[in-house]
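*Asks:* Fold the following for me, if possible:
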Amino acid sequence: MSQHRNAISRLSFVFTVVFLALASFAAAGVCRAAALPSDNPPAANDAPKPAPDIVIFTNGDQLSGTFVREVGGTVTFHSDIVGDINIGWDKIKELRTQTKVAVLTKSVTPEKKKLPPNVPQGTVTVADDKVDVHPENNAPVETIPVKDAQFIVDQATFNKQMAGEPGFFAAWNGSATAGATIVEATQKQYAFDGAVALARVVPTVSWLNPRKRTTVDFTGSYGKITQDAYISGGVFYPATNTKTALYHADAEQDWYFSPRVYFLAQTAFDHNFSQGLDLQQIYGGGIGWTAIKSPIQELDLKGTIQYEKQTFINATDGDNQNLIGSTFAAIYARKLPRGMVFNQQVAYIPAYNNLHAYSVTESNLLSLPFYKSLSLSIGTLDSYLNNPPTALPPTQRNSFQFTFGATYVIKSKY
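*Replies:* Alright, predicted model coming up:
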């Protein structure tokens with residue numbers, strides 16, 4: 001009976017913590033809502049709305065809103081009614097903007113942190129396969145063939161992306177994932193897992209070639225299964241505890257010397273209690289190649305030369321290793337229908353001064369959006385370590401982990 005009361009009290013504590021957390025989030029949302037300006041402020045404070053941009057389609061339909069950009073013959077236009085839509089020039093009869101934009105022709109080659117000279121800027125009118133740029137101060141109109149307009153973007157974006165540089169704490173995008181399991185029964189079990197993945201690409205827009213990229217990742221899982229002591233048939237069985245702990249962290253800096261090829265420097269740290277690995281440290285550098293890059297998928301292939309140090313739990317002479325090796329990795333990302341995203345990473349890590357000390361890792365993550373920036377995530381992490389130390393019970397070389405949790409998508413504007 002006392003164990004039952006203890007279980008109920010622990011579950012009550014968990015539910016109380018969850019309830020208080022939800023209440024705190026709700027209260028914070030109310031406070032933020034109260035702090036925001038009213039949707040209907042007094043008429044005296046209403047500022048006159050700027051005239052909208054207008055697109056007229058070849059079938060005669062007309063849509064008003066805001067011109068966002070044109071990249072490679074595709075116009076992105078925002079309407080409060082339909083949101084963002086992508087339109088090819090062949091579907092547009094006429095486009096008129098009040099938004100001031102910059103027009104980059106195909107003859108312009110963007111340089112690092114430098115504004116191209118003599119770029120036409122102002123409002124535009126597009127009709128009859130021509131882009132007419134209307135500069136300020138009644139300067140002469142400049143006409144550009146539609147087929148020569150490589151990019152048309154608003155002036156603020158043009159200045160910021162071409163010549164600006166985000167601060168270190170700006171322009172980060174990624175996700176944070178968390179999950180937990182709690183069981184109160186004959187055995188008591190709890191497990192917590194989480195992950196954070198961040199990436200920062202400069203420039204921050206996909207229509208310009210990247211100059212550099214920074215990535216930071218962390219994955220962790222910790223759990224314990226406890227069996228209380230008991231007596232059966234006059235035999236005393238002591239309490240037992242089974243622990244699992246797996247952590248991975250890595251960081252990488254890429255410097256592009258062509259649109260798809262880059263130098264890289266990286267570091268990685270791994271701990272896997274079930275494989276007897278106390279800490280594996282990797283420091284290296286190499287080269288990477290973006291083999292596939294499209295709006296819906298991207299594949300990067302990488303190779304490095306590195307120093308690797310392995311230290312093991314309860315190690316004996318010869319178990320710990322100082323290695324010279326490599327990491328050969330493939331990183332794949334694909335956007336799926338309904339906002340779903342699939343990510344996969346595979347890495348083979350050989351050592352050249354000890355051919356038996358190699359490892360392989362493979363991870364998969366599927367994110368399914370369900371509310372604003374929140375998604376459900378389903379993932380797997382499979383790791384193989386070929387040289388675990390001798391132990392009793394024998395250490396398995398392979399470790400597999402399945403995770404299910406909630407993911408918050410991190411979107412940083414710049």
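
*Asks:* Could you use CA atoms for every contact and neighbour count after this?
*Replies:* OK.

*Asks:* Can you name the residues that contact the spatially most central residue of the chain?
*Replies:* Centroid-nearest residue in the chain: Gly174, 2.8 Å away (criterion: Cα atoms, centre = their mean). Gly174 is in contact with 196-199, 409-411, counting by Cα atoms under 8 Å, 6 or more residues apart in numbering.

*Asks:* Excluding covalently adjacent residues, which one is nearest to Thr177?
*Replies:* Spatial nearest neighbour of Thr177, excluding adjacent residues (Cα to Cα, 6 or more residues apart in numbering): Thr407 at 4.2 Å.

*Asks:* which among the contacts of Gly174 end up buried?
*Replies:* Among the contacts of Gly174, those classed as buried by 16 or more other Cα atoms under 10 Å are 196-199, 409-410.

*Asks:* Would you mind checking which of these is nearest to Pro50?
*Replies:* Ile410 (31.1 Å; Cα to Cα).

*Asks:* okay, stretch 364-372 in PDB with CA atoms only?
*Replies:* Backbone C-alpha positions of stretch 364-372 (Å, rounded to 0.1, in the frame of the first residue of the first chain) are rendered in PDB as follows:
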ATOM      1  CA  ASN A 364      17.300   9.700 -39.300                       C
ATOM      2  CA  LEU A 365      14.800  12.300 -38.300                       C
ATOM      3  CA  LEU A 366      11.300  12.900 -39.600                       C
ATOM      4  CA  SER A 367       9.500  16.100 -38.500                       C
ATOM      5  CA  LEU A 368       5.700  16.400 -38.900                       C
ATOM      6  CA  PRO A 369       4.400  20.000 -38.200                       C
ATOM      7  CA  PHE A 370       1.200  20.200 -36.300                       C
ATOM      8  CA  TYR A 371       0.900  23.800 -34.800                       C
ATOM      9  CA  LYS A 372       2.800  26.900 -35.900                       C
END
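
*Asks:* which residues make contact with it from outside it?
*Replies:* Stretch 364-372 has contacts (Cα under 8 Å, 6+ apart) with 339-345, 375-381, 407.

*Asks:* Which of the buried ones among the contacts of Gly174 fall within strands?
*Replies:* 196-199, 409-410 (DSSP state E).

*Asks:* Identify the farthest-apart pair in these.
*Replies:* That would be Ala199 and Val409, which, of those, are the farthest apart (Cα to Cα) at 12.0 Å.

*Asks:* thinking again about what came up before, which strand or helix spans the residue nearest to the centre of the chain?
*Replies:* strand 173-184 (DSSP states H and E).

*Asks:* Quickly run through the sheet partners of that strand, with directions.
*Replies:* Strand 173-184 has its sheet partners listed here by DSSP bridges as strand 187-202 (antiparallel), strand 398-410 (antiparallel).

*Asks:* Flag the shaky bits of the stretch 51-200 of the chain, pLDDT-wise.
*Replies:* 109-113 (pLDDT under 70).

*Asks:* where does the residue nearest to Tyr414 when sequence neighbours are not counted land in three-state SS?
*Replies:* Distance criterion Cα to Cα, 6+ apart; nearest residue to Tyr414, sequence neighbours excluded, is Ala171 at 5.5 Å. At Ala171, secondary structure determined by DSSP: H, G, I helix; E, B strand; the rest coil is coil.

*Asks:* Contacts only, for Ala171.
*Replies:* By Cα under 8 Å, 6+ apart, the contact list for Ala171 reads 200-201, 204, 412-414.

*Asks:* returning to what we had before: from the contacts of stretch 364-372, which land in helices?
*Replies:* Among the contacts of stretch 364-372, none falls in helices (DSSP state H).

*Asks:* Going by distance to Asn118, which of the buried ones among the contacts of Gly174 wins?
*Replies:* Ala199 (33.4 Å).

*Asks:* bridging residues for the closest one?
*Replies:* Ala199 forms beta bridges with Asn173, Thr215, as assigned by DSSP bridges.

*Asks:* Just confirm it contacts Ala251, I think it does.
*Replies:* No: the criterion here is Cα atoms under 8 Å, and Ala199 misses it with Ala251 at 9.8 Å.

*Asks:* what do these two both touch?
*Replies:* Common neighbours of Ala199 and Ala251 (criterion: Cα under 8 Å, 6+ apart): 214-216.

*Asks:* closest to Thr403 among the contacts of Gly174?
*Replies:* Distance to Thr403, by Cα to Cα, is smallest for Val196 among the contacts of Gly174, at 13.7 Å.

*Asks:* separation between that closest one and Leu323?
*Replies:* For Val196, the distance to Leu323 equals 28 Å [Cα to Cα, to the nearest Å].
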